[in-house]
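Engineer: Turn this into a structure:
(chains A and B)
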Amino acid sequence: MISRRDFLQVSMAASALYGVSGYGNWARLAAQQSLTQDQLLEFETYGNISLIHVTDIHAQLKPVFFREPEVNLGIGDARGQMPHVTGAAFRKAYGIEDGSPSAYALTYNDFTSLARTYGRVGGLDRVSTVINAIRADRPDALLLDGGDTWHGSYTCYHTAGQDMVNVMNALKPDAMTFHWEFTLGSGRVNEIVEGLPFAALGQNIFDAEWDEPAELFKPYKFFDRGGAKVAVIGQAFPYMPIANPSWMFPEYSFGIRDENMQAMVDEVRDVGADAVVVLSHNGFDVDKKMAGRVQGIDVILSGHTHDALPEPVLVNKTHIIASGSNGKFVSRVDLDVRDGRMMGLKHKLIPIFSDVIAPDPAITALIDEQRAPYEAALNEVIGKTDTLLYRRGNFNGTWDDLICDALLSEREADIAMSPGVRWGPSILPGQDITREDLWNVTSMTYPNAYRTEMTGEFIHVILEDVGDNLFNPDPYYQQGGDMVRVGGLGYRIDVTKPQGQRISNMTLLKTGEAIDPAKTYVVAGWASVNEGTEGPPVWDVVENHIRNQGTVTVGPNTSVEVIGA
Amino acid sequence: MELTRRETLGLGLGAAVLAVAPFRANAAAEDAIAAFTGGADMAEGGVALTAPEIAENGNTVPIEVSAPGATAILVVAAGNPEPGVATFNFGPLAAAQTASTRIRLAGTQDVIAVAKMADGSFAKASATVKVTIGGCGG
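Structural biologist: Numbering: from 1, shown residues only, chains lettered A, B, ... in the order given. From the prediction side, this is the model:
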C-alpha cells in the first residue's frame, strides 16, 4: 500500500529564478489515496524544453533496495545545507511525512519496514516507462546521463560494460558524461565511445601528454529544442586519476578546470545558446562552488555524490538538480526558454517505485537477454543475512563492516580497510545474499585484496589524507569518496580540524591498546589504485566469509567517534 | 603473497612524497621572491596562475602563468626543498606574456607567481595544490 500523500513535484514560476521560493508544500497538496503510476508521473508540461536526468546508475538493471545515508556531514559553508541534511531534518525541510513513500525514498529511518511496505526501487525497464511517458508529453525531451553507468555489477564486469551500453542505447540518451567508466581501461572506453550513438561530453577531459582537450570527448553539444538552442556542456568527474587507478587511463587528464568551463559557457553563449545546461559528475558541493564562480549556467544536472533532492538548489541564477543513484530516481526538468534566456523552470524528482511503475516489456526483454548467460551465477545463494546490509554514509555501513570482517578473518589481518565508495544497494534482514548482491557492492576492475604491513604512523597518515579528501572545507579540495572504512581499528575524528589534526585515539580493537606509531600492523584491504596490487579478488574473500558464516549478523559499529558534526 | 610497502600504501600512494601537514612558504621561498622583487611590494591581481586544485601526479604538475604587460614572471613552489621553479623573461616583441610548464611538488603546498611589470611594479598570485594518496573513488 502506497499512500498518495506525497509525490515530489516542484513548480517554479519565472520569479523563482530570482530566489522567490514557490515550492515546498507539495506533501500537503496531495490527497491520501493509493499511489499510482499516473500520480508518480503527473506533471503539467511547462515551457518549451524538457530535460530528463539519470545519473550514477552503477549498472543496476534490475530493481534494488537502496538506503539513503544517515550520516552525510557538510563542512564549512556546506554545514547544515542540502544535501548534508538527513533523516527527520530532511523530512522536515521538505514537509515529508514519516512513513510516507517519500520518507522511504529519501531518508534512512525505518528502512527495513518501509522497504517491506513499498518494495524495491529502480530497474531500467521502469525507468524506460517514465522516459517514454515524458517523451509522450514532449517528444523531443533531452535524456542526459550523468555517468557511473557502465560500472557496478556482475554482468557489467563480465561484459566490460556492454550490458549497460546495450540497455542504455535502447533508452536513446542524447548525451553522457563519465567517471567509473574509465576504470574499464582507456582502450575499452575509447572503443565504446567511438561507437556511441549519442554525445560523449566532458569539457574537463584532456589529453594528459599535451594538456589539451581530448579529441574523443567534446566539451559541449547544441540541441535545437522548442525553438531555442540548448547547449549541454559535459563535466566528467574531476579527480579520476587520483581517486581511481590512473594507470588504467594514462592518456587522460581531468581536473575541475572551471576557467575552461567559463570559456565554454562564454563560447556557447557567443554562438547563440539560449540556455546552458551542465551535465556534471562533479559532486554536489563542487557543483555549488562552480555555480558561484562560473557565470551563465542555467541548470547543473549534478551527479557523483548520489544525493537525491526533491527541489533544485539555487546558486545565483543557476539551478542545481540532484537525481539520486542506482536507478532509484529520474528527474524531469522543464524549462521555459525565450528571447535568449531561461525564464523559468519546473522540476520533479520521480521515485522509481518498481511495484508501482509498470516495466517497459521491450526493455525487460533486453535486460533479460544481457543477464541470460550469467543467470546461474547471479542467482546462486551464498548465505543469508540477519542484519540490514547497506553502505551509503560518510563512515562504515553494515556492508562495509561485513567486508572488513571478511578481510580480517580470511586474510588474517589486524586491521582492514575498505574504500569509501557511495555505490552498493542494500539487503534486508532475512534476505538471501546472492552472488549478484555481493558483486553489487564489490564489482570493480581493481578488486585485489592485498595484505601488507603498515606502521601505526602510516595508518594515521592514510586516515588523515582520506579524511581531508572528504572534510576539507573547500569542496574543490575534496577528492571524491566517503571516509575509508576500517575494521579492527577504532578512532576519533574531529571533522572541523585541518589535515593532520583530525584523527586521534586510534585503537587496535582486538587488544584495546592504542595504536603505536612505531609498531607494524598487518593490514588487509582492497581497491588499491596501485598497478600490480596482488591478492585474491575481494568478492572471493567475502564470499568465503559469508559461506563460512551461513547467516551473517553485523553488530552495531561504535568504533568511529565523530566530533564537530 | 608479497607486497612491498611502496606498492601498497593502503589506498595507493605512488611515491613516498606524502606530508601530513601542508608545506608552507619557507625562508628559501621568501628569499627567492625578495631577490626577484628587491623587496618591493607586490600587488594582488594582474597575474593569473592556473594550477590544478589537486595534483594528478605530484611529480609533474601542469601550471600556466599569464601577466599581460609583464617583462618577467617568477614561479616558486613554496614547500619544495628547492623552491625556485623558473623565471620566464618576455622581450618587447613577445606576443603574449604567458608561459606554461610542469613542476614537481614535494607535497601539498602553495605555488606562487610573481610578475615584474614594464613599469617596474610587481604583482603576485598564488594557488594551493594538494598532493594526496588517492583512492576511495566515490
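Engineer: secondary structure class for the most centrally placed residue in chain B?
Structural biologist: Nearest residue to the geometric centre of chain B (CA atoms, centre = their mean): B:Val111, 2.9 Å. Classification of B:Val111 using DSSP: H, G, I helix; E, B strand; the rest coil returns strand.
Engineer: can I assume it is in contact with B:Lys130?
Structural biologist: No: between B:Val111 and B:Lys130 there is no contact under CB atoms under 8 Å: 11.3 Å. The C-beta positions use only the backbone N, C-alpha and C, and glycine is treated the same way.
Engineer: Count the neighbours of residue 123 for me.
Structural biologist: Reading this off chain A. Neighbourhood size, A:Gly123 [other CB atoms under 10 Å in any protein chain shown]: 25.
Engineer: my bad, the chain I had in mind was chain B
Structural biologist: The burial count for B:Ala123: 20, using other CB under 10 Å.
Engineer: In contact with it, which residues?
Structural biologist: By CB atoms under 8 Å, 6 or more residues apart in numbering or on different chains, B:Ala123 lies in contact with B:42-47, B:67, B:70, B:114-115, B:117.
Engineer: And B:Pro68, by the same measure?
Structural biologist: Under the criterion of CB under 8 Å, 6+ apart, the contact list for B:Pro68 reads B:46, B:96-97.
Engineer: would you list every one of the helices in chain B?
Structural biologist: Ranges of helices in chain B, per DSSP state H, are B:5-8, B:27-37.
Engineer: nearest to chain A, of these?
Structural biologist: helix B:5-8 (4.2 Å; CB to the nearest CB).
Engineer: what secondary structure does the residue in the stretch 401-550 of chain A that chain B sits nearest to sit in?
Structural biologist: Nearest residue of the stretch 401-550 of chain A to chain B, counting by CB to the nearest CB: A:Val529, 3.4 Å away. Following three-state DSSP, A:Val529 is assigned to coil.
Engineer: which stretches of the chain have low pLDDT?
Structural biologist: Went with chain A since none was named. For chain A, applying pLDDT under 70 flags the ranges A:1-34.
Engineer: Please refer instead to chain B.
Structural biologist: B:1-25, B:136-138.
Engineer: Now do the strands for it: every range, in order, please.
Structural biologist: B:42-44, B:48-50, B:61-66, B:70-77, B:84-89, B:98-103, B:109-117, B:122-129 (DSSP state E).
Engineer: closest one to A:Leu508 among the ones you listed?
Structural biologist: strand B:109-117 (33.2 Å; CB to CB).
Engineer: Compute the inter-axis angle for the closest one and helix B:27-37.
Structural biologist: Inter-element angle recorded for strand B:109-117 and helix B:27-37: 10 degrees (by axes from the mean of the first three to the mean of the last three CA atoms, to 10 degrees).
Engineer: Measure how buried A:Asp163 is and give me the count.
Structural biologist: 25.
Engineer: can you confirm it is in a helix?
Structural biologist: Yes: residue state for A:Asp163 (three-state DSSP) corresponds to a helix.
Engineer: beta partners for the residue nearest to the centre of chain B?
Structural biologist: Under DSSP bridges, the beta-bridge partners of B:Val111 are B:Ala77, B:Ala127.
Engineer: same check, this time on A:Thr507
Structural biologist: Counting by DSSP bridges, the residues bridging with A:Thr507 are A:Gly490, A:Ala514.
Engineer: Can you tell me how far it is from B:Ala123?
Structural biologist: To B:Ala123, A:Thr507 is 51 Å away according to CB to CB, to the nearest Å.
Engineer: helices or strands up against the longest helix along chain A?
Structural biologist: Ranked by residue count, the top helix of chain A under DSSP H comes out as helix A:456-471. The helices and strands touching helix A:456-471, judged by 3 or more CB pairs under 8 Å, 6 or more residues apart in numbering or on different chains; DSSP states H and E, are strand A:489-494, strand A:503-508, strand A:520-525.
Engineer: Flag every buried residue along that helix.
Structural biologist: A:456, A:458-471 (16 or more other CB atoms under 10 Å in any protein chain shown).
Engineer: where do the helices sit along the stretch 1-150 of chain A?
Structural biologist: Along the stretch 1-150 of chain A, the segments classed as helices by DSSP state H, counting those that start in this stretch run A:26-29, A:37-41, A:87-94, A:101-106, A:111-118, A:124-137.
Engineer: and among those helices, the most buried is which?
Structural biologist: helix A:101-106 (a mean of 25; mean count of other CB atoms under 10 Å in any protein chain shown).
Engineer: Around chain B, pick out the residues from the stretch 451-565 of chain A.
Structural biologist: Selection of the stretch 451-565 of chain A residues close to chain B by CB under 8 Å from any CB of the partner chain yields A:451-454, A:458-462, A:464-466, A:468-469, A:472, A:474, A:476-477, A:479-484, A:498-500, A:523, A:525, A:527-530, A:532-535.
Engineer: burial count for A:Met483?
Structural biologist: 25.
Engineer: if I look at it, how far off is A:Val560?
Structural biologist: A:Met483 is 8 Å from A:Val560, by CB to CB.
Engineer: overlap in contacts of these two?
Structural biologist: Counting by CB under 8 Å, 6+ apart, the residues touching both A:Met483 and A:Val560 are A:395, A:493.
Engineer: residues near A:Ala141, how many?
Structural biologist: Neighbour count of A:Ala141, defined by other CB under 10 Å: 22.
Engineer: A:Val381 too?
Structural biologist: 12.
Engineer: Now that it has come up, it's in contact with A:Ile427, right?
Structural biologist: No: contact criterion CB under 8 Å: A:Val381 and A:Ile427 do not qualify, at 11.9 Å.
Engineer: re earlier: so the residue of the stretch 401-550 of chain A closest to chain B touches A:Asn244, yeah?
Structural biologist: Yes: assessed by CB under 8 Å, A:Val529 is found in contact with A:Asn244 at 6.4 Å.
Engineer: Name the residues of stretch A:170-185 that are buried.
Structural biologist: Buried, per 16+ other CB under 10 Å, within stretch A:170-185: A:171, A:173-184.
Engineer: In CSV, list these along with distance to chain B and secondary structure.
Structural biologist: What follows is the buried residues of stretch A:170-185, written out as CSV (distance: CB to the nearest CB, whole Å; DSSP: H, G, I helix; E, B strand; the rest coil):
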residue, distance to chain B, secondary structure
A:Leu171, 24, helix
A:Pro173, 22, coil
A:Asp174, 25, coil
A:Ala175, 21, strand
A:Met176, 18, strand
A:Thr177, 14, coil
A:Phe178, 13, coil
A:His179, 7, coil
A:Trp180, 8, helix
A:Glu181, 12, helix
A:Phe182, 10, helix
A:Thr183, 8, helix
A:Leu184, 14, helix
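Engineer: need those residues in a markdown table with distance to A:Ser325, can you?
Structural biologist: Below are the buried residues of stretch A:170-185 laid out as a markdown table (distance: CB to CB, whole Å):
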| residue | distance to A:Ser325 |
| --- | --- |
| A:Leu171 | 17 |
| A:Pro173 | 17 |
| A:Asp174 | 21 |
| A:Ala175 | 19 |
| A:Met176 | 15 |
| A:Thr177 | 15 |
| A:Phe178 | 15 |
| A:His179 | 12 |
| A:Trp180 | 12 |
| A:Glu181 | 15 |
| A:Phe182 | 18 |
| A:Thr183 | 17 |
| A:Leu184 | 19 |
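Engineer: Show me what from the stretch 301-450 of chain A comes close to chain B.
Structural biologist: A:304-305, A:417, A:419-422, A:450.
Engineer: Out of those residues, name the ones that lie in strands.
Structural biologist: Using DSSP E, those in strands are A:417, A:450.
Engineer: from the residues of the stretch 301-450 of chain A next to chain B, which two are the most distant?
Structural biologist: A:Thr305 and A:Tyr450 (27.3 Å).
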